[in-house]
Each structure stands twice: as C-alpha cells, then as structure tokens.
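[1] fold the following, please.
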Amino acid sequence: MNLPKTETLLLEQKDHALHITLNRPKARNAMSLQMVNELMSVFESIESDETIRAVVLRGSEGYFCAGGDIKDMAGARAALGNKAEGDEDPFFTLNRAFGRMITYANQIPQVLIVVTEGAVLGGGFGLACISDVALSLNTTKFGLPETGLGILPAQIAPFVVTRIGLTQARRLALLGARFDGNEALRLGIVHECHDSIESLDAALDTALLQVKRCAPKANRLTKKLILAVGQEPLETLLDSAAKSFAESVQGAEGQEGTMAFIQKRDPSWFK
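    The predicted structure follows:
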C-alpha cells in the first residue's frame, strides 16, 4: 500500500485497519486546509485497497477536532484583499475543500470508525456524523458553535440532518448547543459512550474484531447499498441489490461463508 506523505496526520496500518490520527495537538487538532487536503489524499489512495477493511479516525493527545483553523480564516481574509476580478472567493475555496473531503469520506467503502475525545466541534462534529461506528468518552464535548461566531455550519449541516434528523439538527445548530458524550449517545451521534480510556480502547478493539468477521466484499457492497437508500428509485435500488445478492451467493465469499457455517469454523477472511 502506497500512502501519501502527511504532516498533519499520523498513519499506521495494523492488520486490516488503517489508523489515521489528526496530529495538530497545539491547535487541539483544528482542521487546517493542509489537513483537509491530506485527508482527501489518504481517502483517495485507499479506496480501491481491499486489504484495508476499516479506517480508524482519532485525534492526538486527547482531542478529536476543535473545528476549523482560525489561521486559515485569517489567511483567507488576507487573500480576499488581494483577489483579482474573476478569482474564486478564498472563503468559498476554504469551505468547499472541507465539503468535498467530508463527502468523499462519507462514501469510502471501508468501515469508518471515529473515536472521539476532548473536543468535537464544527468540522470535527461533521466527521463524527459520517462515521459508520462512533465511540466516545462520556466527558467529550460536542457542539456546533458556528452561529455564535457569526457564520454557519455550511458543509456539515446536511450530514448532521442525515445523522440525527431535522428536528434535533435545527435545535443544535440554531442554539449553538454544547453537550457531552452521554447526550451525543442519546441523540444518536455516537453509538457507544465510555467512562474511561481503557474502556474506549477495548470498545475499539471489539469493533475492529467484528469488522474482521464480516466478508470484505460483502461489507463494501452493503455500505454502498445503504448509502444509496433515498438516492435512487426504490425499485431500481432493489433490482440492483438483488443482482448483487445473486452474485454474492454464487461468488467466492458466499461459498466460503456457507461452508464455514456448515463446518462450524471461522471463514477464511477471519484470520
């Protein structure tokens, strides 16, 4: 596997999982444009790699992500003063770069596991909302602070609505609400909430083991199917799903899974 070189991310492949650590601890892992671009490069580089079955996204030194980088905002403001006629607005460029990255991350075929600690604000909140599995400490602080800063959660709002529904998304965004991991669990932003790092790490190990029990290709096709719900006409979607099902049953994974079940053994992909 050829991963891109990164300065704001730590990358490590362990067994079937790629661990990505946001690594700007002095800025509480705030999302800089460089980090956005590096994340995009990593996601693009692994999309077709079937040896990577899970991606773990976490922040360094006890913080997940404190939102957007203020220095980038200042840089965009300076660039605005030098913008020539016809040039793209630097604030638009900055904002949409994150939007393109989170949209891409949302549909990667791997199981995306997000582990949240410390602060989960703004863009970090958006990343939590596109995860397949989200694990949290009960002390983690979540929030959508944008409206209190005179701006809007422009690129993450659709993903927040999809995650928790329109009613709760309106409340959180329009009040700039802050809340802890227990409330995030109640709202459905995270799937598990733990009271210690040890328990959180054990939950991550369990999730990764569960991913390993699932057939790699079947998992990829299942995620694709789930993400297509509401995006395609139902009959078209079900026809496509039936075709994939028929191919899976008759394919290598389907045959191996059936034989493993009959023989009461682990399938070959669980190694």
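[2] which strands or helices does the worst-scoring helix or strand of the chain on mean pLDDT pack on?
    Using mean pLDDT, DSSP states H and E, the weakest-scoring helix or strand in the chain turns out to be helix 70-81, at a mean of 78. When contacts are defined as 3 or more CB pairs under 8 Å, 6 or more residues apart in numbering; DSSP states H and E, helix 70-81 packs onto helix 90-106. Yep, even glycine has a C-beta here, placed from its N, CA and C like the rest.
[3] from the contact counts, what lies against the helix or strand following the helix it packs on?
    Counting by DSSP states H and E, the element after helix 90-106 in chain order, helix or strand, is strand 111-116. Applying 3+ CB pairs under 8 Å, 6+ apart, one finds that strand 111-116 contacts strand 54-59, helix 123-129, strand 133-137, helix 197-213.
[4] and for residue 261, the neighbour number?
    10 (other CB atoms under 10 Å).
[5] how close does it sit to residue 70?
    Distance, residue 261 to residue 70, using CB to CB, to the nearest Å: 54 Å.
[6] likewise residue 234?
    Residue 234 is 45 Å from residue 70, by CB to CB.
[7] also residue 30?
    7 Å.
[8] now residue 20: which helix or strand?
    Short version, using DSSP H and E: residue 20 is in strand 17-22.
[9] and the contacts of that strand?
    Residues outside strand 17-22 that contact it (CB atoms under 8 Å, 6 or more residues apart in numbering): 3, 8-13, 29, 31, 35, 39, 42, 46, 52-60, 64-65, 110, 113, 208, 211.
[10] and residue 263, how many neighbours?
    The number of residues near residue 263, taken as other CB under 10 Å, comes to 9.
[11] run through the residues that contact it.
    So residue 263 contacts nothing (CB under 8 Å, 6+ apart).
[12] switch to numbering from 632
    With 632 as the first residue, the last one maps to residue 894.
[13] that one and residue 888, how far apart?
    For residue 894 relative to residue 888 (CB to CB), the value is 11 Å.
[14] cool, and residue 655?
    42 Å.
[15] neighbour count winner among those two?
    residue 655 (22 against 19).
[16] quick check: closest non-adjacent residue to the more buried one.
    Once flanking residues are discounted, residue 655 sits nearest to residue 639: 5.5 Å by CB to CB, 6 or more residues apart in numbering.
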